[in-house]
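> just a sequence and a predicted model for now, questions to come.
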Amino acid sequence: MTNNGAPLRNLYAGQDFSILELAALRWLSGFYQLEHLLSAREWALRLAGPGTGAALPFAALVHDAERFFPGGPSSTPAAGFDDPDYLFAHSTRSADVVCAWLDEQPQRVDPAFRRRVRQLILRHELGGDPEEDILQAADSLAWFSTFDWLVIDWVAEGHYSVDGAREKLDYMLTRIRPPMALRLALPLYTRTVAALEAPPLNFDRAARRRDAGDLHLLTGL
């Protein structure tokens, strides 16, 4: 399966990444959510429009970083995808992991930038102010753009039934606040539901997961 019908190779090549974003991409290389993070950054920039500050696209690029490191909350929660304890644990751990990484960077990271990145990651599941709503919506749009294979994987691995995986997709759609984002999400949601309910035959789930974390494949870097 591909990202919204496009070949994965060099799908994100040629983008204007900052030095810090390039470092973050190399940090998260091999992470099965790397494609999703790149997509979230792309959607955040599209929704925010010209004049967007540096914190929003960076936060979008790293908002799920904690899942790359063992010990966090399960990505397939049993208590439901809108469980506040799960959302709080995931968002807080991601913010902590990212801020610890920022503190280790050789170049000085502006304290105001670090603080805003932390705020955005802490709110990426819930939204809040207009910029935080954009990040939440970008996360949902990136889900529909890149994770049709993941919900199929969940069902195949026995984590959820088809109906249980569908609940994740419904949750990711209904939490979107910006009207523009909801209009963009509806056809992607429909496509992802269709893939979940009728998976392609002979689909190599392991290869798709591997490709989703391949920095060179996705960006050419």
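That came in fine, so what should we check first?

> helices of the protein, start to end?
19-27, 34-48, 55-62, 84-103, 111-122, 130-146, 148-156, 162-174, 179-197, 205-212, 215-219 (DSSP state H).

> the ones you listed: which one's closest to residue 72?
Of all the helices of the chain, helix 84-103 sits nearest to residue 72, with 4.9 Å by Cβ to Cβ. Backbone N, C-alpha and C define where each C-beta goes, glycine included.

> who does that closest one touch, helix- and strand-wise?
helix 55-62, helix 111-122 (3 or more Cβ pairs under 8 Å, 6 or more residues apart in numbering; DSSP states H and E).

> shouldn't residue 148 be in contact with residue 195?
Yes: if you go by Cβ atoms under 8 Å, residue 148 and residue 195 touch, sitting 4.1 Å apart.

> which of the two has more neighbours?
A side-by-side neighbour count of residue 148 and residue 195, using other Cβ atoms under 10 Å, places residue 148 first with 25 against 17.

> which residues sit in contact with the more buried one?
For residue 148, the contact set (Cβ atoms under 8 Å, 6 or more residues apart in numbering) comprises 1, 191-192, 195-196.

> measure it to residue 221 for me?
Distance, residue 148 to residue 221, using Cβ to Cβ, to the nearest Å: 25 Å.

> of all the contacts of residue 148, which comes closest to residue 74?
For these, the residue nearest residue 74 by Cβ to Cβ is residue 196; the value is 19.7 Å.

> quick check: closest non-adjacent residue to that closest one.
Nearest residue to residue 196, sequence neighbours excluded (Cβ to Cβ, 6 or more residues apart in numbering): residue 151, at 4.9 Å.

> what is the neighbour count of that neighbour?
Counted with other Cβ under 10 Å, residues neighbouring residue 151 total 24.
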